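Enquirer: no FASTA, just this:
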Ligand code: MIC
Ligand code: SF4
């Protein structure tokens with residue numbers, strides 16, 4: 001009487017007991033990295049001294065940083081290609097597409113585990129995998145054959161019934177889920193979709209839903225592997241990769257949510273959070289300046305065909321800048337062969353590269369105060385590259401309607417009688433010519449290292465007492481985009497000293513220099529956060545670079561899963577308040593001390609925050625397994641691993 005999540009976890013469990021909330025470790029079958037997190041992951045893998053990856057399959061994708069303004073990106077790409085060839089990793093070259101889209105098409109397998117250094121790795125749940133996003137160091141450990149440690153999840157069943165109405169699509173389903181569950185409070189859960197409504201959703205549609213599970217903050221989301229999955233794999237020429245994976249009829253769940261697909265209407269996530277949901281009709285008529293279609297959430301053949309059919313014979317509004325970025329080379333070839341690309345171009349689309357592009361703020365920054373409608377998954381303030389832009393997340397159907405009319409438009413009001421329902425292709429165009437398998441002669445491969453690529457910085461073991469200043473106090477929902485901006489700063493990912501100068505740049509550009517001054521005189525730096533601190537991306541630089549700046553503890557009302565794991569991996573204490581209202585008393589600039597850390601951690605006691613400025617003491621909590629405590633005391637996972645799994 002097991003559900004799907006339990007079945008996969010059970011068959012991969014290497015440590016711990018399957019009790020929700022308890023630490024467990026699972027074997028990882030596949031890994032993926034992308035270039036922005038990948039260079040650091042492979043530098044860390046190299047530092048482990050393991051000659052070949054130990055996984056069934058590891059793929060390194062180049063999709064994030066393809067702008068190549070200057071030599072840095074191209075140097076990173078060369079490095080990634082040479083490391084892949086040497087260590088047994090497949091390389092998906094720039095131009096082949098966005099990691100999650102390509103992995104779904106060409107590599108994902110039902111029943112397997114996938115660990116990826118990108119928070120949207122759960123896209124693979126659409127094909128019935130336990131696919132989890134993590135920091136690059138965790139992925140490096142998994143490539144080396146190490147287990148992945150996580151909290152045994154609570155499992156939430158979403159029981160889908162009925163069918164979506166015309167002009168309503170998978171994006172609206174996950175926006176509905178975000179309305180129900182919000183981005184907060186879901187840490188430690190996995191969403192398992194089931195019910196008769198699942199059948200009508202194709203694999204790419206299921207993947208849209210699991211992709212944005214990342215925004216719920218859950219560990220992952222998963223769909224069953226059924227006849228629909230089989231048909232998708234067959235159309236990808238991979239029928240032999242299929243296996244059936246269904247929940248037992250009497251499977252139990254920690255919570256069940258019923259969702260009637262037929263009742264969902266076109267929805268939007270309003271600025272600046274993916275859970276700020278409203279029906280499109282509620283704000284219809286608002287002027288739109290930019291429409292961007294693409295990203296790992298909505299760039300499948302079906303998505304772009306639907307947009308093309310909606311725009312066929314028409315032209316987008318003259319005041320809308322309209323961008324389409326196909327998700328993969330496969331998608332681009334298929335829409336180009338079947339004429340949809342031509343339809344899009346005729347309708348006024350700017351065709352962008354098959355890459356993350358606009359989604360990560362790499363180009364296409366909208367005009368000042370713009371209203372931008374996008375099909376991607378995050379609308380955090382400033383992520384588009386324009387601080388004053390108002391980004392709304394929508395389905396491809398809604399985005400197309402907005403592009404045509406120049407104002408926010410419910411696609412059901414387009415006046416088109418027939419919804420261009422696109423059936424799943426019976427045969428996809430298979431062209432893996434931009435995927436390079438690893439070398440048969442690894443000894444001959446020389447690693448290429450450009451001048452922008454530096455070794456991962458070392459950290460010291462955690463001192464027994466921390467003493468220093470609250471360097472920054474921030475509010476709720478601080479994302480890793482606030483902590484470690486991407487966009488034009490992305491090219492410094494392989495150069496930690498340089499990238500660290502931009503920590504918290506969007507919030508307080510003086511943060512890095514102030515931290516360096518303290519570090520130089522030997523005092524420790526502290527950050528104070530609100531709810532859901534560290535949500536969003538898996539970028540471990542949001543922990544690695546603060547570590548480099550001498551940040552030793554983050555104290556917040558609540559912390560998100562991947563970011564917490566990254567803080568631990570880099571030896572930074574993730575702490576929460578015993579009494580949440582204490583947050584209001586402590587201020588930026590306060591001189592503080594946390595004494596006797598070692599003893600308190602080993603005894604499992606709360607920590608004391610002595611605030612010398614306020615002449616008060618506060619109690620702090622932590623949620624750390626024994627292993628995590630030892631990692632922090634050692635000064636991070638690399639030190640811990642080098643010492644053979646002990647704290648020093
Ligand atoms: C994102 O969508 O924020 C990214 C860019 O894909 C990140 C990874 C990164 O920062 O490199 C993510 O989601 O993990
Ligand atoms: Fe790329 Fe955007 Fe997807 Fe992140 S969310 S992997 S930046 S397309």
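Expert: Looks like it arrived, so ask away. These numbers come from a predicted model, not from an experiment. Ligands and ions are numbered 1, 2, ... in the order given.

Enquirer: what is the rounded mean pLDDT of stretch 520-528?
Expert: Averaging pLDDT along stretch 520-528 yields 97.

Enquirer: Contacts for that stretch next, please.
Expert: By C-beta atoms under 8 Å, 6 or more residues apart in numbering, the surrounding residues in contact with stretch 520-528 are 463, 466-474, 515, 518-519, 546, 549-556, 583, 586, 588, 592. Glycine gets a C-beta too; all of them are placed from N, C-alpha and C.

Enquirer: ok, now stretch 579-586?
Expert: 470, 473, 528, 530, 555, 557, 577, 592, 609, 611, 614, 616, 618-619.

Enquirer: so how far is the first residue of it from its last?
Expert: End-to-end distance of stretch 579-586 (C-alpha to C-alpha, to the nearest Å): 12 Å.

Enquirer: distance between that stretch and the chain's centre?
Expert: Relative to the centre of its chain, stretch 579-586 is centred 30 Å away, using C-alpha atoms, centre = their mean, to the nearest Å.

Enquirer: Tell me the residues of the stretch 51-200 of the chain that contact ligand 1?
Expert: By the rule C-beta under 6 Å from any ligand atom, the part of the stretch 51-200 of the chain lying against ligand 1 is 64, 118-120, 133.

Enquirer: from those residues, which are also near ligand 2?
Expert: 64, 118, 120.

Enquirer: now those as TSV including pLDDT, neighbour count and secondary structure?
Expert: Output for those, formatted as TSV (pLDDT from 0 to 100; neighbours: other C-beta atoms under 10 Å; DSSP: H, G, I helix; E, B strand; the rest coil):
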residue	pLDDT	neighbour count	secondary structure
64	97	25	coil
118	98	30	coil
120	98	30	coil
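
Enquirer: pretty sure residue 290 is touching residue 320, no?
Expert: Yes. Taking C-beta atoms under 8 Å as the definition, residue 290 is a contact partner of residue 320 at 6.6 Å.

Enquirer: Can you pick out the residue with more neighbours from the two?
Expert: Between residue 290 and residue 320, residue 290 has the larger neighbour count (other C-beta atoms under 10 Å), namely 25 against 22.

Enquirer: what are the phi and psi angles of the closest residue in space to residue 435 that isn't next to it in sequence?
Expert: Nearest residue to residue 435 in three dimensions, chain neighbours excluded: residue 92, at 5.2 Å (C-beta to C-beta, 6 or more residues apart in numbering). Main-chain dihedrals, residue 92, degrees, to the nearest 10: phi -100, psi 110.

Enquirer: For residue 92, give me its contacts.
Expert: 59-63, 99, 102, 434-435.

Enquirer: so how far is ligand 2 from it?
Expert: Here residue 92 is placed at a distance of 13 Å from ligand 2 (C-beta to the nearest ligand atom, to the nearest Å).

Enquirer: I'd like to know how far the closest residue to ligand 2 within the stretch 451-600 of the chain sits from residue 293.
Expert: Here the stretch 451-600 of the chain gets closest to ligand 2 at one residue, residue 537, 7.0 Å apart by C-beta to the nearest ligand atom. Relative to residue 293, residue 537 is positioned 21 Å away (C-beta to C-beta, to the nearest Å).

Enquirer: from the contacts of stretch 520-528, which would you call buried?
Expert: Among the contacts of stretch 520-528, those scoring as buried are 466-474, 515, 518-519, 546, 549-556, 583, 586, 592 (criterion: 16 or more other C-beta atoms under 10 Å).

Enquirer: Keep only those of the residues you listed that are in strands.
Expert: Counted as lying in strands by DSSP state E, out of the buried ones among the contacts of stretch 520-528, are 466-473, 551-556, 592.

Enquirer: Can you classify residue 249 by secondary structure?
Expert: coil (DSSP: H, G, I helix; E, B strand; the rest coil).

Enquirer: Tell me, how many residues neighbour it?
Expert: By other C-beta under 10 Å, 6 other residues sit near residue 249.

Enquirer: same check, this time on the one 4 residues further on
Expert: Close neighbours of residue 253, defined as other C-beta under 10 Å, add up to 18.

Enquirer: what sits against it?
Expert: 3, 155-157, 192.

Enquirer: and if you look at residue 371?
Expert: Applying C-beta under 8 Å, 6+ apart, the residues contacting residue 371 are 286-290, 389-390, 392, 408.

Enquirer: next one: residue 431
Expert: Residue 431 sits in contact with 329-330, 333, where contact means C-beta under 8 Å, 6+ apart.

Enquirer: Are we agreed that it is in a strand?
Expert: No. Read with three-state DSSP, residue 431 is coil and lies in no strand.

Enquirer: tell me the pLDDT at it?
Expert: For residue 431, pLDDT reads 98.

Enquirer: Then the one 3 residues further on?
Expert: According to the prediction, residue 434 has pLDDT 98.

Enquirer: With residue 646 instead?
Expert: In this model, residue 646 carries a pLDDT of 54.

Enquirer: picking that back up, which of the contacts of residue 253 fall in strands?
Expert: Applying DSSP E to the contacts of residue 253, the entries found in strands are 155-157, 192.

Enquirer: Helices along the stretch 251-400 of the chain, start to end?
Expert: Assigned helices in the stretch 251-400 of the chain, in chain order: 301-311, 329-337, 340-346, 396-405 (criterion: DSSP state H, counting those that start in this stretch).

Enquirer: Three-state assignment for the residue nearest the centre of the chain, please.
Expert: Compute the mean C-alpha point of the chain, and by C-alpha atoms, centre = their mean the closest residue is residue 119, 1.8 Å away. Of the three states, residue 119 takes coil under three-state DSSP.

Enquirer: Now that it has come up, it's in contact with residue 534, right?
Expert: No. With contacts counted by C-beta under 8 Å, residue 119 stays clear of residue 534, the gap being 10.8 Å.

Enquirer: buried set for the worst-scoring helix or strand of the chain on mean pLDDT?
Expert: For the chain, counting by mean pLDDT, DSSP states H and E, helix 637-642 ranks last in confidence among helices and strands (a mean of 89). Judged by neighbour count using 16+ other C-beta under 10 Å, the buried positions of helix 637-642 are 637-641.
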